[in-house]
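**Student:** show me the folded form of this:
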Amino acid sequence: MSYRLRLLVASFIISTGLIHLTVNAAGNYDLPSIGQPVDTALSPLQEDEIGKDIVRQLRSFNYILEDIELRYYLQSLGFKIASFSGYTPEDFTFFIVRDRQVNAFALPGGYIGINAGLILTSSNEDELSGVIAHEIAHVTQRHIARQIESSGSFNIATIAALVVAIIAGASDPDVAQAALSLGLATSQQQRINFTRTHEAEADRVGIRTLAEAGYDPKAMATFFQKMEERGRLYGSGLPEILQSHPVSNTRISEALTRAAEYDQQYLKKHDPLPYELMKARLRVMTEPQVHDALKYFSAVIEKNNSISARYGHSLALVRTGRYEKAIPELRKLSEITNNSTIEIALARAQLSSGDIVAAENSINNAHKRFPNNSPLILSHADLYMQMGKPDEARKLLLSSNLIQSKEPEVHRILAVAARDTKRVAEAHYQMARYHQLTGEYREAINQLDAGLRNKQISENDKARLQQALNKLEKDVPERVLREIRRDRTRNPSTGYSH
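**Tutor:** Purely as a prediction, here's the structure:
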């Protein structure tokens, strides 16, 4: 099943309320129906479980771009905007989808995906922030739960066909296409009518959030307008974001009028360099042919010789193994900027070229200049691992403030470092923690269970692992625990019997 088709099926399930099948399956939680009226259809706890499970599946298919710097940039920007939404920023999780189509979507539980193509198409951080604010509004206004509440007329057979499409379509695209057509034929009109109401509300709430965060409140409308004009220019090639977020001249006009109500004096100055560097990085990472990226940045450099274009060109040079050109350029950029992204790129290029001493000097100096920069700390630890210094990587992470965070990559690196330094129990614990933070509960339990059955582990360490397992079981949704126990009963050789 092609990635675009799979994502289209998944987004259709969400946008039409067809996730109702999952909610029925989750009905065994015996959760009380309290709070907003829409909670009778889907509680916040259920929303979070559904969203986390979808993200887990996206990650398992390698659809999420797992890059430390890009992820931290988007998460930081999303948190900044979400802090003006009336919700706490930690209620949201932002991630980049490895797809160059222009699209963005909100999942249950505050999980917001931004396609790589949308970031590459945006002209500035205001436009990107406008889309993020719009998706945040879909979450804060409980649009998904409200759609499910009104979707009682959907046919269970149609829902099942669409779910089968996601599973069976991995090996047979025709099955997925047939199921998708069936679902669209039965519910398209209700989906469109219901979406228009929610889109208008997301515009209104999102524009207010965008303005209060200090970004141009017109940016959301102008970005959608740009997409609409692009769709007309290319005829049938309508951008995916307009398929999931339909626009009209009236909607754009109303959004611009509403944005004009906000006083421009509240606009804040935002350093454009982080956005420009991350956009350049994303282009290099998602360009199918690296020579196309080289060609693109060479043309940009001829026009304006910008720092971001030179950075992107250097990354592309590294990808082609031309370190003799990339490293001197990154050194020059390091001298004229004060940016951790440049320093990380320089150290990584030096390590890739085989100059371990220079790489270590560069990353150590950068760490002194940016001691609390999370991407740099993680990159520093990762470089230590690549240098064959797991003890140094472990000490660095354990002494950093990241050890208290919910950053999965911290625990993945610690798990590998513990394994390489023969700390068996710690390796199992840290890998279990990594899987837990990425929503992979079965794998997390398997790690702790394997540790408990390992004869090399001391009784004290086993007691700690048992304590971790007991705590984990309290955090795992009951439905998932039942599934794991059922599977273990069928295959008792695995040993899990809690």
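**Student:** when you work out contacts or count neighbours from here on, use the C-alpha atoms and nothing else.
**Tutor:** Fine.
**Student:** show me how far the helix or strand hosting residue 489 is from its chain's centre.
**Tutor:** Counting by DSSP states H and E, the element that carries residue 489 is helix 478-490. With CA atoms, centre = their mean, to the nearest Å as the basis, helix 478-490 stands 28 Å off its chain's centre.
**Student:** what does stretch 261-278 give?
**Tutor:** Distance of stretch 261-278 from the chain centroid (CA atoms, centre = their mean) equals 23 Å.
**Student:** tell me the average confidence for that stretch?
**Tutor:** For stretch 261-278, mean pLDDT is 87.
**Student:** next, the buried residues of that stretch.
**Tutor:** By 16 or more other CA atoms under 10 Å, the buried positions in stretch 261-278 come out as 262, 267, 274, 275, 276, 277, 278.
**Student:** which ones are touching the fifth one?
**Tutor:** In other words, residue 276. Applying CA atoms under 8 Å, 6 or more residues apart in numbering, one finds that residue 276 lies in contact with 124, 308.
**Student:** and the next element down the chain from the helix or strand harbouring it?
**Tutor:** Using DSSP H and E, residue 276 maps to helix 273-286. Downstream of helix 273-286, the first helix or strand assigned by DSSP H and E is helix 290-304.
**Student:** I'd like the next helix or strand past that next one.
**Tutor:** The element immediately downstream of helix 290-304 (helix or strand, assigned by DSSP H and E) is helix 307-319.
**Student:** okay, that following helix in CSV with CA atoms only?
**Tutor:** Provided in CSV are the C-alpha atoms of helix 307-319 (Å, rounded to 0.1, in the frame of the first residue of the first chain):
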residue,chain,number,x,y,z
ILE,A,307,23.5,31.2,5.7
SER,A,308,20.7,28.7,5.5
ALA,A,309,21.5,27.9,1.8
ARG,A,310,25.2,27.5,2.6
TYR,A,311,24.2,25.2,5.5
GLY,A,312,21.9,23.1,3.3
HIS,A,313,24.6,23.0,0.6
SER,A,314,27.1,21.8,3.1
LEU,A,315,24.8,19.0,4.4
ALA,A,316,24.3,17.9,0.8
LEU,A,317,28.0,17.8,0.3
VAL,A,318,28.4,15.6,3.4
ARG,A,319,25.8,13.2,2.0
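**Student:** for the record, mean pLDDT for it?
**Tutor:** In this model, helix 307-319 has a mean pLDDT of 98.
**Student:** ok, now stretch 476-484?
**Tutor:** On average, stretch 476-484 scores 81.
**Student:** with stretch 100-113 instead?
**Tutor:** The model assigns stretch 100-113 a mean pLDDT of 87.
**Student:** buried set for that stretch?
**Tutor:** Neighbour-count burial for stretch 100-113, with 16+ other CA under 10 Å as criterion, is recorded at 100-113.
**Student:** pLDDT below threshold where in the stretch 201-350 of the chain?
**Tutor:** Counting by pLDDT under 70, the stretch 201-350 of the chain contains low-confidence ranges at 231-247, 265.
**Student:** try it again at 50.
**Tutor:** For the stretch 201-350 of the chain, applying pLDDT under 50 flags no range at all.
**Student:** show me what the helix holding residue 489 is packed against.
**Tutor:** With contacts defined as 3 or more CA pairs under 8 Å, 6 or more residues apart in numbering; DSSP states H and E, helix 478-490 has these neighbours: helix 441-452.
**Student:** distance between the helix it packs on and the chain's centre?
**Tutor:** Centre-to-centre, helix 441-452 and its host chain are 25 Å apart (CA atoms, centre = their mean).
**Student:** whichever helix or strand comes after it to helix 478-490, inter-axis angle?
**Tutor:** Next along the chain after helix 441-452, taking DSSP H and E as the criterion, comes helix 459-475. In terms of direction (axes from the mean of the first three to the mean of the last three CA atoms, to 10 degrees), helix 459-475 departs from helix 478-490 by 130 degrees.
**Student:** which positions in helix 459-475 come out as buried?
**Tutor:** Buried residues in helix 459-475, counted by 16+ other CA under 10 Å: 461, 462, 464, 465, 466, 468, 469, 472.
**Student:** phi, psi for residue 112 please.
**Tutor:** Main-chain dihedrals, residue 112, degrees, to the nearest 10: phi -120, psi 120.
**Student:** which residues touch it?
**Tutor:** Residues in contact with residue 112 (CA under 8 Å, 6+ apart) are 92, 93, 94, 95, 104, 105, 106, 135, 136.
**Student:** filter those residues down to the ones in helices?
**Tutor:** Among these, the members falling in helices are 135, 136 (criterion: DSSP state H).
**Student:** now do the strands in the stretch 101-250 of the chain.
**Tutor:** Remark: strands assigned in the stretch 101-250 of the chain by DSSP state E, counting those that start in this stretch are 104-107, 111-115.
**Student:** make JSON lines from those strands and add distance to residue 382 to it.
**Tutor:** Converted to JSON lines, the strands of the stretch 101-250 of the chain look like this (distance: least, CA to CA, whole Å):
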{"stretch": "strand 104-107", "distance to residue 382": "30"}
{"stretch": "strand 111-115", "distance to residue 382": "26"}
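**Student:** for residue 86, helix, strand, or coil?
**Tutor:** coil (DSSP: H, G, I helix; E, B strand; the rest coil).
**Student:** what's the angle from the helix holding residue 276 to helix 307-319?
**Tutor:** For helix 273-286 against helix 307-319, the angle by the same axes, to 10 degrees is 30 degrees.
**Student:** how about the CA coordinates for helix 273-286, as CSV?
**Tutor:** In CSV, the C-alpha atoms belonging to helix 273-286 read as follows (Å, rounded to 0.1, in the frame of the first residue of the first chain):
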residue,chain,number,x,y,z
LEU,A,273,17.4,31.7,11.2
PRO,A,274,16.2,28.6,13.1
TYR,A,275,13.3,28.2,10.8
GLU,A,276,15.4,28.7,7.7
LEU,A,277,18.1,26.2,8.9
MET,A,278,15.6,23.5,9.7
LYS,A,279,13.8,24.0,6.4
ALA,A,280,17.2,23.6,4.6
ARG,A,281,17.9,20.5,6.7
LEU,A,282,14.5,19.0,5.9
ARG,A,283,15.1,19.6,2.2
VAL,A,284,18.3,17.7,2.2
MET,A,285,16.9,14.8,4.3
THR,A,286,13.8,14.3,2.2
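**Student:** all numbers from here: first residue = 30
**Tutor:** From this message on, residue numbering opens at 30, which makes the last subject helix 302-315.
**Student:** between helix 319-333 and it, find me the angle.
**Tutor:** Note on geometry: by the same axes, to 10 degrees, helix 302-315 and helix 319-333 are set 150 degrees apart in direction.
**Student:** check contacts around the nearest residue to residue 164 once chain neighbours are set aside.
**Tutor:** Spatial nearest neighbour of residue 164, excluding adjacent residues (CA to CA, 6 or more residues apart in numbering): residue 135 at 5.6 Å. Shown in contact with residue 135 (CA under 8 Å, 6+ apart): 141, 142, 164, 165, 167, 168.
**Student:** so what's the backbone phi/psi at residue 482?
**Tutor:** With angles defined as degrees, to the nearest 10, residue 482 sits at phi -90, psi 0.
**Student:** for residue 392, see how far away it is.
**Tutor:** Here residue 482 is placed at a distance of 40 Å from residue 392 (CA to CA, to the nearest Å).
**Student:** compare neighbour counts for the two and give me the winner.
**Tutor:** Each of residue 482 and residue 392 has its neighbours counted (other CA atoms under 10 Å); residue 392 has more, 25 against 13.
**Student:** extract the CA atoms of the helix or strand the more buried one falls within and return them as PDB.
**Tutor:** Assigned by DSSP H and E, residue 392 belongs to helix 385-398. Listed next in PDB are the C-alpha coordinates belonging to helix 385-398 (Å, rounded to 0.1, in the frame of the first residue of the first chain):
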ATOM      1  CA  ILE A 385      37.600  11.900  15.400                       C
ATOM      2  CA  VAL A 386      39.800  14.400  17.300                       C
ATOM      3  CA  ALA A 387      38.400  17.400  15.500                       C
ATOM      4  CA  ALA A 388      34.900  16.100  15.900                       C
ATOM      5  CA  GLU A 389      35.300  15.700  19.600                       C
ATOM      6  CA  ASN A 390      36.900  19.200  20.000                       C
ATOM      7  CA  SER A 391      34.100  20.800  18.000                       C
ATOM      8  CA  ILE A 392      31.300  19.100  20.000                       C
ATOM      9  CA  ASN A 393      33.000  19.800  23.300                       C
ATOM     10  CA  ASN A 394      33.400  23.500  22.500                       C
ATOM     11  CA  ALA A 395      29.800  23.700  21.300                       C
ATOM     12  CA  HIS A 396      28.600  22.100  24.500                       C
ATOM     13  CA  LYS A 397      30.400  24.800  26.500                       C
ATOM     14  CA  ARG A 398      28.800  27.500  24.500                       C
END
